[in-house]
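Trainee: Everything below, folded, please.
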Amino acid sequence: STLQKRIEQLHARRNREEGALVDAFKRLSEQMRALENAASTKLATLEAHVKKLQTALDMRARAEAAGLAKVAGVDYAADALSDKDAEIDRLRQLLAHRDRTIVRIKA
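Mentor: This next block holds a predicted model:
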C-alpha cells in the first residue's frame, strides 16, 4: 500500500514534469518562429537597403564614366584644336616665307 502510493506519486510527478517539458517546448517553438520571422523581416529590409545602395553606386559609376568620357572628349577636342593651331602656325610660316621670296624676286 505504501509502495503503491509511492509509485502513484512518482507517476504523477513524471506526468507533471512531462507536461512542463511539453509546455516549455511549445514556448521555445513559438520563440523560434518569432525569431525566424524577425530575421526574415530584417533580411528583407537589409536586402532592400543593399539593392538601393547598389542602384546608387551604379548611378554614381555611370555618372563618373560619363564625366570621364566628357573629360576625355574635352581633352580630345583640346588636342585637335592644338593640332589645328600648330597647322595654322606652319601655314603662316610658309606664307611668310613665300612673301619674303616674292619680295626678293621683285627686288
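
Trainee: so the residue nearest the centre of the chain is in which element?
Mentor: Residue closest to the average C-alpha location in the chain (Cα atoms, centre = their mean): Gln54, at 3.1 Å. Element membership of Gln54, judged by DSSP states H and E, is helix 2-106.

Trainee: Could you pull up the residues touching the residue nearest to the centre of the chain?
Mentor: Residues near Gln54 by Cβ atoms under 8 Å, 6 or more residues apart in numbering: none. C-beta: built from backbone N, CA, C; applies to glycine.

Trainee: Let me know how buried Leu53 is, in neighbour terms.
Mentor: A count of neighbours around Leu53, defined by other Cβ atoms under 10 Å, yields 10.

Trainee: quick one: low-confidence parts of this protein?
Mentor: 69, 71-74, 107 (pLDDT under 70).

Trainee: and with 80 instead?
Mentor: Counting by pLDDT under 80, the low-confidence segments of the chain come to 64-82, 106-107.

Trainee: In contact with Arg100: list those residues for me.
Mentor: Here Arg100 is in contact with no residue (Cβ under 8 Å, 6+ apart).

Trainee: Quickly note the distance from it to Ala34.
Mentor: Separation of Arg100 from Ala34 (Cβ to Cβ, to the nearest Å): 98 Å.

Trainee: Ala86 now?
Mentor: 77 Å.

Trainee: And Arg60, by the same measure?
Mentor: Going from Arg60 to Ala34 by Cβ to Cβ gives 39 Å.

Trainee: same thing with Phe25?
Mentor: For Phe25 relative to Ala34 (Cβ to Cβ), the value is 15 Å.

Trainee: swap in Asp89?
Mentor: Taking Cβ to Cβ, one finds Asp89 at 81 Å from Ala34.

Trainee: same deal with Ala65?
Mentor: 46 Å.

Trainee: just Arg16 next, same as before
Mentor: Arg16 is 27 Å from Ala34, by Cβ to Cβ.

Trainee: Leu43 too?
Mentor: For Leu43, the distance to Ala34 (Cβ to Cβ) stands at 15 Å.
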